[in-house]
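**Student:** With the input below, show me the fold.
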Amino acid sequence: MNYTLHQLQIFLKVVKTQSVTKASEELHLTQPAVSIQLKNFQDQFDIPLTEVVGRRLYVTDFGNEIAEVAEKIINQVEAINFKTMAYKGQLTGRLKISIVSTGKYIMPFFLADFIKEHSGIELQMDVTNKSGVISSLEKNEVDFALVSVLPTTLNIEKLDLLQNKLYLVSDSKTDFKDATDLNEIFKEIPLIYREKGSGTRQTMERFIERNAVVIQKKMELTSNEAVKQAVIAGLGCSIMPLIGIKNELSSQELQMIPFKGLPIKTTWSLIWLKGKKHGPVAAALLDYMHKEKDNIVKEKFNWYENY
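**Tutor:** Presented below is the predicted three-dimensional model:
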């Protein structure tokens, strides 16, 4: 056999995503490049690693066993790289963080200088909804998670990073000057929700219940970006985190609809399981966050106070 480390990495990604297309996106490769390397890897085995039924790719039992071995090989190669860098006195290792989807506008700014300072750290950041984040944390698959609504089912510790403000927004063309009540607005205009399991949706639903707002029409979309584009297009209104709509407010593609009780305020918090024993990389990040978070907020999010 004459397989390469690159082929192992591609095969493992295909197994994890169950899709050549998704694997190519995550690896930043073209789909044909992934397909060719997958075929070259398969050619070294007499037993199928994958099979396609209809248009869906399935991994065979043999393929799953090979994937387990491939993952061990890749981990060992990474361990060699980490040990080499550690021998040179560098902080090395893998840092795993799971963040809710809107957290992508925040977490990179808190990590950038730390990662630049420690080039031996491999960052793995999974962007998903709140349910996915809590699941990763519960299974102890990650070092930290970033949320704006704290989980009630887990025993956690936290470090607060930044206030989260959520506003009712619409496209800039709709006129709300004569609207005096939220029920009046939502009699005709749909409210656009995030999917179930989203922290933003949870916050919206609490606000609606607390203010006895009756929603006549509603839509459900599965990402903040999809919600934002739908609102810009005039499909409805939504309650959205300020952190993700700054540019659209500046360009006047979106407008805020002012009402009593808005903005809704929560807190972006870095959380981890209580009693978790952090490795050197995670411990170093936590120490860095404690020291630098206020400076980062002041430098990167100074515009936030204008709203």
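
**Student:** what helix or strand does residue 202 sit in?
**Tutor:** Per DSSP states H and E, residue 202 falls inside helix 199-210.

**Student:** strand partners of the lengthiest strand in the chain, parallel vs antiparallel please.
**Tutor:** In the chain, with assignment by DSSP state E, the single longest strand is strand 156-171. Neighbouring strands of strand 156-171 in its sheet, by DSSP bridges, are strand 238-241 (antiparallel), strand 254-256 (antiparallel), strand 264-273 (antiparallel).

**Student:** buried sites along whatever helix or strand comes next after that strand?
**Tutor:** Next helix or strand after strand 156-171 toward the C-terminus (DSSP H and E): helix 182-185. The neighbour-count check on helix 182-185 (16 or more other C-beta atoms under 10 Å) flags 182, 185 as buried. Any C-beta I mention is one placed from the backbone N, CA and C, and that applies to glycine too.

**Student:** Tell me which residues are up against helix 182-185.
**Tutor:** For helix 182-185, the surrounding residues in contact (C-beta atoms under 8 Å, 6 or more residues apart in numbering) are 168, 176, 179, 211, 213-214, 237, 257, 259.

**Student:** of these, closest to residue 18?
**Tutor:** Distances from residue 18 to the contacts of helix 182-185, taken as C-beta to C-beta, are shortest for residue 237 (36.1 Å).

**Student:** Show me the shaky parts of the chain.
**Tutor:** Low-confidence segments of the chain, defined by pLDDT under 70: 82, 84-89.

**Student:** Counting residues, which helix of it comes out longest?
**Tutor:** For the chain, the longest helix by residue count, based on DSSP state H, is helix 61-87.

**Student:** partners of the helix or strand following that one in the sheet?
**Tutor:** Next helix or strand after helix 61-87 toward the C-terminus (DSSP H and E): strand 93-100. Partner strands and pairing direction for strand 93-100 (DSSP bridges) are strand 121-128 (parallel), strand 144-147 (parallel).

**Student:** any idea which of these is most buried?
**Tutor:** strand 144-147 (a mean of 26; mean count of other C-beta atoms under 10 Å).

**Student:** Domain parsing of this protein, as residue ranges.
**Tutor:** Following the TED database, the chain resolves into domains at 5-82, 90-162+267-306, 164-265.

**Student:** Kindly check the end-to-end length of the longest one for me.
**Tutor:** Right, the one you point to is domain 90-162+267-306. Chord length of domain 90-162+267-306, first to last residue, is 40 Å (C-alpha to C-alpha, to the nearest Å).

**Student:** mind checking the SS state of the residue lying farthest from the centre of the chain?
**Tutor:** What lies farthest from the middle of the chain is residue 46; by C-alpha atoms, centre = their mean that is 39.0 Å. Three-state call for residue 46 (DSSP: H, G, I helix; E, B strand; the rest coil): coil.

**Student:** so what's the backbone phi/psi at it?
**Tutor:** Dihedral pair for residue 46: phi -80, psi -20, per degrees, to the nearest 10.

**Student:** Please report how far residue 249 lies from residue 243.
**Tutor:** Taking C-beta to C-beta, to the nearest Å as the criterion, residue 249 is separated from residue 243 by 11 Å.

**Student:** quick one, which of these two is more surrounded?
**Tutor:** When neighbours are counted by other C-beta atoms under 10 Å, residue 249 and residue 243 differ, and residue 243 comes out ahead with 21 against 16.

**Student:** A helix includes the more buried one, no?
**Tutor:** Yes - checked against three-state DSSP, residue 243 lies within a helix.

**Student:** The strands paired with strand 93-100: which one's closest to residue 186?
**Tutor:** The closest of these to residue 186 is strand 144-147. By C-beta to C-beta, the value is 27.5 Å.
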